[in-house]
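In: Coordinates for the following, if possible.
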Amino acid sequence: MRWHRLMVVLAGALAAPAFSSPAVDAIDRPALSSPHASRSALLSAAKAGDRLVAVGERGIIVLSDDRGATWRQAQSPVAVTLTAVRFADANHGYAVGHSGVVLATQDGGNSWLPRFDGKKAARLVLQEAEASEDSNALREAQRLVNDGADKPFLDLHVFDAQRVLIVGAYNLAFYTEDGGKTWRSWMTRLPNPKALHWYAVRAKGSTILLAGEQGLALRSDDSGATFRRISTPYHGSFFTAELATTQDILLGGMRGNVWRSVDGGINWSQLVAPQTSSVTASAVRSSGQVLLATMGGELLTTAPTGSPNILTVERAGLPPLFSILSVSPEQVLLLGGHGAVMVNSENKK
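Out: Residues are numbered from 1 along each chain as shown. All right, here's what the predicted structure looks like:
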C-alpha cells in the first residue's frame, strides 16, 4: 500500500517499457534520444529564465524556448525516471529522481551532470551513523546500504545556485550548500519515526515546510536546524504543498483533500473540491491564487482572497495530471502521461 500511494504521483513511470538489455544499470547509462520525447510521461517542469524545462520517465529532459510551442530533448546522463526539477536562476538548476539521482545544470538545462545518487546517499548516512554511535541510526543506515540505490527522491527546494534540499521516500532528506559537491543528511533531524515518504518541500525565508505520507507535515523556522510536527486534520497522504507566507499553508492530497491554515498550522479549514480525485500537484499564480491538478484530469483553482473556501474547476476532461507550472498570468503548462500541454488560464483576480 505504501508503494501504491507513492506511485500515484509517478504513474507515468509505470507505463515505461523495459530496455532490452539490462546489463548496464539505468543510473549508469544515458537516456535514449527520441523524436517523441516531449510526448513521453513528464512529471515536473520549471522555468529557467524564459526557457521551460521538463523532466520525466527514463531520464527524459526536454526544453522549450517558445513557451511550449516546440520542444527539443537535452542529453541526460541517466535513464532513470526523473521526478522533479527546479531552477535558482536562468542557468542553475537541479533535477532529482529514482535511484536517488540528483542532476545539476549550469547552462539552463542544455547539459546535465550527476551530483548524487542512492548509493552515495546510503554510504553518507552510514558514515554519519557510525560517527554518532547511535545503534538505531546505525541499523537503519546499514539497511539503506544493503538495499542499494532503489529509493527515489520526490521533490526539492532550490534556495539558490549553491544551496539545495532534496527529499524522498522513506524519510530521505539531504542538503548541499556547495552546488552538490558535498552533501549532509538531514534525516535524523526530522521527527519521522515511521520513515514515511516525503512528497513535497517548500520554503519561504527561514521557514521550511515538508509534507508527506499519512498526513505528516513538518515545519522549521530556523532554516532547517530543527523541525517540529504540525498537527493536520487529514491522515491520508499529502502529495503537494504551498507556502504563500510563513503562516499561510496549503496542503493537497488523496481523495481531493485540500486543507489551508493561515496561522502556521494551528487551525485548518478544508477547501471544498467538486470531485474526490487525488490532488497531485499545485502552482501559485502571480495573483496569489493556487492552481491544483488532479489524477481525475481537472485543473482547479482557489477562490480569490477573501472568498469562501471553495475550489472551482477551470478545466475538466483532461488526462491524469502529474504536474503543473504557471508560465504567465494567461498560460499554464500541464504535464501528464502524454507529455506537456499549454492551456490558457482564466486568471481570476
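
In: Buried residues of stretch 75-90, list them for me.
Out: Applying a neighbour-count criterion of 16 or more other Cβ atoms under 10 Å, one finds 76-88 buried in stretch 75-90. (Each C-beta comes from the backbone N, C-alpha and C, glycine too.)

In: ah, wrong one, I meant stretch 286-300
Out: For stretch 286-300, by 16+ other Cβ under 10 Å, it's Gln289, Val290, Leu291, Leu292, Ala293, Thr294, Met295, Gly296, Gly297, Glu298, Leu299, Leu300.

In: Pretty sure the fifth one sits in a strand.
Out: By that I understand Ala293. Yes - membership of Ala293 in a strand is supported by DSSP: H, G, I helix; E, B strand; the rest coil.

In: Out of the buried residues of stretch 75-90, which two sit at the greatest distance?
Out: Pairwise distances across the buried residues of stretch 75-90 (Cβ to Cβ) peak at 25.7 Å, for the pair Ala79 and Ala88.

In: just to revisit the earlier point, secondary structure, pLDDT and distance to Ala95 for the buried residues of stretch 75-90 - can I get that in CSV?
Out: Formatted as CSV, the buried residues of stretch 75-90 follow (DSSP: H, G, I helix; E, B strand; the rest coil; pLDDT from 0 to 100; distance: Cβ to Cβ, whole Å):
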residue, secondary structure, pLDDT, distance to Ala95
Ser76, coil, 98, 9
Pro77, coil, 97, 11
Val78, coil, 97, 9
Ala79, coil, 97, 13
Val80, coil, 97, 11
Thr81, coil, 97, 11
Leu82, strand, 98, 5
Thr83, strand, 98, 8
Ala84, strand, 98, 7
Val85, strand, 98, 4
Arg86, strand, 98, 8
Phe87, strand, 98, 10
Ala88, coil, 98, 13
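
In: Out of those residues, the closest to Asp263 would be?
Out: Arg86 (27.6 Å).

In: Which residues does Ala48 form beta bridges with?
Out: Following DSSP bridges, Ala48 is listed with bridge partners Arg51.

In: hang on, isn't it packed against Gly109?
Out: Yes - look at Ala48 against Gly109 with Cβ atoms under 8 Å: they come within range, at 5.6 Å.

In: Spit out the residues that contact the two alike.
Out: Gly93 (Cβ atoms under 8 Å, 6 or more residues apart in numbering).

In: Report the distance from stretch 29-47 to the chain centre.
Out: 16 Å (Cα atoms, centre = their mean, to the nearest Å).

In: If we go by neighbour counts, what in that stretch is buried?
Out: For stretch 29-47, by 16+ other Cβ under 10 Å, it's Arg29, Ala31, Ala37, Ser38, Ser40, Ala41, Leu42, Leu43, Ser44, Ala45, Ala46, Lys47.

In: and that stretch, C-alpha only, in CSV?
Out: The C-alpha atoms that make up stretch 29-47 are tabulated as CSV, following Å, rounded to 0.1, in the frame of the first residue of the first chain:
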residue,chain,number,x,y,z
ARG,A,29,23.6,4.9,-18.9
PRO,A,30,22.3,8.0,-20.7
ALA,A,31,18.7,8.4,-21.6
LEU,A,32,17.8,7.4,-25.2
SER,A,33,17.1,10.1,-27.7
SER,A,34,13.6,10.1,-29.1
PRO,A,35,11.8,12.4,-31.6
HIS,A,36,8.7,11.9,-29.3
ALA,A,37,10.4,12.8,-26.1
SER,A,38,8.0,15.7,-25.3
ARG,A,39,5.1,13.3,-25.6
SER,A,40,6.6,10.9,-23.0
ALA,A,41,5.3,10.8,-19.4
LEU,A,42,6.6,14.1,-17.9
LEU,A,43,6.4,14.6,-14.1
SER,A,44,7.8,18.1,-13.4
ALA,A,45,8.6,21.4,-15.1
ALA,A,46,10.3,24.6,-14.1
LYS,A,47,11.2,28.0,-15.6
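
In: Can you tell me the SS state at Leu124?
Out: Quick answer, by three-state DSSP: Leu124 is helix.

In: From Trp259, how far out is it?
Out: 34 Å (Cβ to Cβ, to the nearest Å).

In: do Ala31 as well
Out: 37 Å.

In: Same question for Ala122.
Out: Distance from Ala122 to Trp259, by Cβ to Cβ: 34 Å.

In: what's the answer for Gly212, then?
Out: 14 Å.

In: Looking at those two, which is more packed in?
Out: When neighbours are counted by other Cβ atoms under 10 Å, Gly212 and Trp259 differ, and Gly212 comes out ahead with 29 against 21.

In: and the more buried one, bridged to which residues?
Out: As assigned using DSSP bridges, the partners bridged with Gly212 are Trp198.

In: so it makes contact with Lys194?
Out: No - if you go by Cβ under 8 Å, Gly212 and Lys194 don't touch, sitting 10.4 Å apart.

In: ok, the nearest residue to Ile27 once chain neighbours are set aside to Glu213 distance?
Out: Leaving aside its sequence neighbours, Ile27 sits nearest to Ser99 (Cβ to Cβ, 6 or more residues apart in numbering; 4.6 Å). To Glu213, Ser99 is 20 Å away according to Cβ to Cβ.
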